[in-house]
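prediction below, plus the sequence it came from.
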Amino acid sequence: MPSFLQEVVTESGQLTYASEDLLRARNFTSRAFADGKRRFVMPIEEIEAAFWQSPAGLKMKDQLSMPYDRSKCHPSALKTGRYALTAWESLKVVTRRQMTLVIKDIGLVRGRMIQTCCIGLIVGSLFYQLAYVQSNIRIFLGACFLLIMFTSMGGMSQMQAQIATKQSWFKMRDNLFYPSWCHAVAVTVVALPHQASDGLLVVACCAPHACSQGSSHPADPPAVDLLTGP
C-alpha cells in the first residue's frame, strides 16, 4: 500500500495505474508520454479533493474533528524514534517481502536450476574421467575455474530485478519506512539459499563425471596424491 500511494502521486505511476477510460478522458492515446514530456493524468490537488469527498475521506474528517483524549492513550502508543518499527521488526518485514518477490518469480529460479544442471553436465563431460596424476593439476584447476566463472556470472540474471526495485526502496528510505541497510541484508539473506543450492547442484552434476578415476596414460608418471605429493 505505501508503494502504491507513492506511485500514484508521480507522473509515471499515474500513467501505469490509470484505467483506459481515464486515459481517454484525459487525452492520453497510449501509456507513454507524448514527445517525452511528463505530465500528470490527474493533478495532485484533484486527487486530494476526490479523496476528501469519498466515504473514507469523510470518515477520516469526522475522526479528525474529534478532540484527542491523551488520558485514554498508552504512553508508549506513539513512536518517538526515527522509524516506526524496531531494527529487528524492520528486518523481518523486509526479508518477508523480498522472499515473496522471489517466490513470485519462481520461473527464473527453475530456469536457473535447469541451466545449472546443463552446464554441470557439459563441464563434466568436457573433463570426463580425469586421472589423478600430477600432470592433470592444471586441468583440474581449469574445470574449477569454469564452474566458478559460471556461478559468479550466472547471478547477472538477477541484476535486472534488483535494479527495478531500487527506485521503490529509495522512496521507502526517504519516507522513513525502513532503513536502507534492511534492504541490503534482506537481499543477501534471501539470495543465500539460492546461491548455495546453485553451487551444490553444479558440483553434483559435474563431479561424478570429472572426478571419477580414469585410466592413466602410459606416458604419464605414476599416480600421486595431488595434495601431499609422492
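That came through, no problem.

what domains does the record give for the protein?
2-70, 87-210 (automatic domain parsing).

which strands or helices does whatever helix or strand residue 123 lives in pack on?
Element membership for residue 123, per DSSP states H and E: helix 106-126. When contacts are defined as 3 or more Cβ pairs under 8 Å, 6 or more residues apart in numbering; DSSP states H and E, helix 106-126 sits against helix 137-154, helix 180-210. All C-beta atoms are positioned from the backbone trio N, CA, C, and that covers glycine.

okay, those helices in JSON lines with mean pLDDT and distance to residue 35 next?
JSON lines is the format used below for those (pLDDT from 0 to 100; distance: least, Cβ to Cβ, whole Å):
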{"stretch": "helix 137-154", "mean pLDDT": "78", "distance to residue 35": "40"}
{"stretch": "helix 180-210", "mean pLDDT": "82", "distance to residue 35": "35"}
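
and the next helix or strand past the helix or strand hosting residue 59?
Per DSSP H and E, residue 59 falls inside helix 55-65. Heading C-terminal from helix 55-65, the first helix or strand you meet, by DSSP H and E, is helix 87-104.

can you state the direction angle for that following helix and helix 180-210?
Counting by axes from the mean of the first three to the mean of the last three Cα atoms, to 10 degrees, helix 87-104 lies at 50 degrees to helix 180-210.

residues in contact with the helix holding residue 59: which ones?
Applying Cβ atoms under 8 Å, 6 or more residues apart in numbering, the external contacts of helix 55-65 come out as 51-52.

and the average pLDDT for that helix is what?
Helix 55-65 shows a mean pLDDT of 90.

this completes my enquiry, with thanks.
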